[in-house]
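**Q** Next comes the sequence, and after it the predicted model I'd like to discuss.
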Amino acid sequence: MLAEPDHRFVLSNLGRFTDVVRLKGGRSLTVRFLEPKDADALLFYFRSLSRQSRYNRLMGAASELPPSELDKALHIGEGSRFAVIAEMKIDGVDTIVGESRYSYDAQTQNTEFGLSIGDAWQGQGIGTAMLSNLECRSAALGALRLFGETFRNNDQMIGLARKAGYAFAGAPSDWRLTRFEKPLYRATEIPCESWKQAAMAGWMPNEALLAAR
Ligand SMILES: CC(C)(COP(=O)(O)OP(=O)(O)OC[C@H]1O[C@@H](n2cnc3c(N)ncnc32)[C@H](O)[C@@H]1OP(=O)(O)O)[C@@H](O)C(=O)NCCC(=O)NCCS
């Protein structure tokens, strides 16, 4: 019997779950858990999104990330909720170019997520890279499915999900939304650090990593 993910382990080892992902053009993207020191940069990131992107991400009109949402995002692991940021070096400075929040439901073994990429960085494959990384992070938590919901007219998210192999259905909660869902397998094409950490903590079988403990 596998161990359940221990969120205190995650919390005390936040930095160990950092992934460096290579983008199509050769640039590197760092995906890591949000930390308290990132709060101001994350607020700035949300304020800088276009009105449309923010609307699509927050599912409604808001000029910034609501304080209650920020607070939840900063409590990594609580209620099996997680927040990650994607950073790139811009003019030598680590800059948030994307973010995602996801939550794992141990009962259904589903992970639900939402994500955004800053307008200046959209269309460069960053959303695709983040989604692959989220799939790996979710699988490492024990999830069998990853799903999200978005407005039916959000062509960008629908295009990204379709290209990444998600299936679509109506969202049970709201007729304006579509739900996209993908089964997760034990083997992923893009392993992430969470996978390794989960194996090391004994949450999932990975013989090579367990042997190296
Ligand atoms: C949706 C979003 C995350 C996509 O990120 P991205 O980095 O631009 O996506 P990518 O560059 O990886 O594009 C991947 C694929 O998505 C599709 N896509 C991207 N933009 C599209 C558009 N405007 N219309 C249709 N399809 C589009 C394409 O299939 C694209 O593949 P291609 O470049 O080979 O054609 C980004 O547009 C965003 O943050 N939007 C605002 C917030 C939001 O809507 N979040 C979703 C809430 S869950």
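**A** Now that the structure is in, tell me what you want to look at.

**Q** mind listing what residue 34 touches?
**A** 42, 73, 74, 76, 83, 84, 85, 99 (Cβ atoms under 8 Å, 6 or more residues apart in numbering). Yep, even glycine has a C-beta here, placed from its N, CA and C like the rest.

**Q** List phi and psi for it.
**A** The phi/psi pair for residue 34 (degrees, to the nearest 10) reads phi -70, psi 140.

**Q** Excluding chain neighbours, what is closest to it?
**A** residue 83 (4.2 Å; Cβ to Cβ, 6 or more residues apart in numbering).

**Q** Cross-check the contact I'm expecting between the one you found and residue 96.
**A** No: look at residue 83 against residue 96 with Cβ atoms under 8 Å: they stay out of range, at 11.4 Å.

**Q** quick one, what contacts the residue nearest to residue 34?
**A** 33, 34, 73, 74, 76, 99, 100, 101.

**Q** where's residue 36 relative to residue 123, distance?
**A** Going from residue 36 to residue 123 by Cβ to Cβ, to the nearest Å gives 31 Å.

**Q** Give me the nearest residue to residue 183, chain neighbours excluded.
**A** residue 145 (5.6 Å).

**Q** okay, now the one you found: neighbour count?
**A** By other Cβ atoms under 10 Å, the residues close to residue 145 number 16.

**Q** buried residues in the top strand by length along the chain?
**A** Scanning the chain for the strand with the most residues, using DSSP state E, yields strand 93-105. By neighbour count with 16 or more other Cβ atoms under 10 Å, strand 93-105 contains the buried residues 95, 96, 97, 98, 99, 100, 101, 102, 103, 104.

**Q** and if you look at stretch 147-158?
**A** 147, 148, 149, 150, 151, 154, 157, 158.

**Q** Verify the stated contact: residue 138 with residue 104.
**A** Yes: using Cβ under 8 Å, residue 138 is in contact with residue 104, at 6.8 Å.

**Q** Between these two, which contacts overlap?
**A** With Cβ under 8 Å, 6+ apart, residue 138 and residue 104 have common neighbours residue 111.

**Q** what about residue 31, distance to residue 106?
**A** 23 Å.

**Q** follow-up on the earlier one: in three-state terms, label the residue nearest to residue 34 for me.
**A** strand (DSSP: H, G, I helix; E, B strand; the rest coil).

**Q** and the next element down the chain from the helix or strand residue 135 falls within?
**A** Residue 135 is part of helix 126-141 when elements are defined by DSSP states H and E. Sequence-wise, the next helix or strand downstream of helix 126-141 (DSSP H and E) is strand 145-151.

**Q** returning to what we had before: where is pLDDT lowest across the contacts of residue 83?
**A** Least confident entry in the contacts of residue 83, by pLDDT: residue 76, with 89.

**Q** Now that one: phi and psi?
**A** Residue torsions, per degrees, to the nearest 10, at residue 76 are phi -60, psi 130.

**Q** Show me where this structure has its strands.
**A** Counting by DSSP E, the strands of the chain are 19-22, 28-33, 81-90, 93-105, 110-117, 145-151, 167-170, 177-183.
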